[in-house]
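*Asks:* Only the shape, not the letters, is given here:
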Ligand code: AMP
C-alpha cells in the first residue's frame, strides 16, 4: 500500500495506473463503515485509492475541525487489511495553497437539512470532492448513505458539471444495536452511547408507520420527535425530516423512497442518520 502526501505525486502515480480506479474520500479515524466503502471499491475496480483529509473548508469556525479525531497509523493499519492500494493524505496547506479563491456551490438542495444548520458546509464538501476527483481521476467514487444529503449534493455536482465518473452509494453500516457507525460516536460517554440508539429507534418507528399505511409526514415527524424527547440525554433535535430523496423538499404526503433523516445532539456530539422508506 502506497502512502502519498503531495498532489503532484498523486497525479503522477495515477497516470501510471491501467484499468479502473476507485476513490473513497474520507476524513480518517476510520471504522467499519469506511472499510465497507473500500471493500466495495476494491471488489468493483482494479485500484482502490482512499483519501484521508480533514477538510477545513467544510467546518464552520465554531465546529470541531481542530478537535476532529485523527490517527493516521491506526487508519493505515486498517486500510492494509482491506487491501487498499493507495492512501492519499495531503496537508491542508497542500490542498489549499495561498490564494485559493475558487468554490463549487451546489444550490437549493444545500439550503435544507444539514445545509440549513451548517451554512457553507456543502460548499466545502463539493469543492474538496471536485479537487479530489481532478487529482485522482477515478472512474467511480464511493460515498456512504449515512451522509444522505452529501450523496445527493455530489451526484448533482457530477451530473450538472458533466464530470466523468460514477458515484456509488454504499448502505449505512450499523453497530449491533442499530446505531450508525461514525467517527463522532467516539465522543459519546457510555451513557450517551446507550442513549444514542434512539436515533435508530425513531427511524424504525417511521418505517413501521409507513409499513402500516400511514402517509402523513406531520404525524410521522411528530411521533419520531416524541420518541426522541423521551430520552433524557438528548440535548437538542436539529431536525427530523421526511423529504423527497432527490430534491430534499419536505413531503406533503409520504411517498415510496422518501428520505427520513434526522440530526440530534446527544451530549456534546451531534449525530445524523437516515433511512429510505421501502
Ligand atoms: P467521513 O470520514 O465521515 O467524511 O466519511 C467518509 C465516507 O464514509 C462518507 O462517504 C460517509 O458517508 C461514509 N460513511 C461514514 N460512516 C458510514 C457508515 N456508518 N456506513 C457507511 N458509510 C459511512
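*Replies:* It's in. Computed from a predicted model, the values in this text were never measured in an experiment.
*Asks:* is the helix or strand that contains residue 208 up against the ligand anywhere?
*Replies:* Assigned by DSSP states H and E, residue 208 belongs to helix 198-211. No. Helix 198-211 lies out of reach of the ligand by CB under 6 Å from any ligand atom, never closer than 11.4 Å. All C-beta spots, glycine's among them, are computed from the backbone N, C-alpha and C.
*Asks:* can you confirm residue 176 is in a helix?
*Replies:* No. Judged by DSSP: H, G, I helix; E, B strand; the rest coil, residue 176 forms no part of a helix; its state is coil.
*Asks:* For it, grab phi and psi.
*Replies:* Here is the backbone geometry of residue 176 (degrees, to the nearest 10): phi -60, psi -30.
*Asks:* Return the distance of it relative to residue 32.
*Replies:* Distance, residue 176 to residue 32, by CB to CB, to the nearest Å: 11 Å.
*Asks:* which one of the two has more residues nearby?
*Replies:* Between residue 176 and residue 32, residue 32 has the larger neighbour count (other CB atoms under 10 Å), namely 13 against 5.
*Asks:* Phi first, then psi, for residue 143.
*Replies:* Torsion angles, degrees, to the nearest 10, at residue 143: phi -130, psi 150.
*Asks:* Can you report how many residues lie near whichever residue of the stretch 101-250 of the chain sits closest to the ligand?
*Replies:* Using CB to the nearest ligand atom, residue 144 is the residue of the stretch 101-250 of the chain that sits closest to the ligand, at 2.2 Å. Neighbour count for residue 144, taken as other CB under 10 Å: 22.
*Asks:* How many residues are close by the closest residue to it other than its chain neighbours?
*Replies:* With CB to CB, 6 or more residues apart in numbering as the criterion, residue 144 has its nearest non-adjacent residue at 5.3 Å, and that residue is residue 170. Residue neighbour count, defined by other CB under 10 Å, stands at 20 for residue 170.
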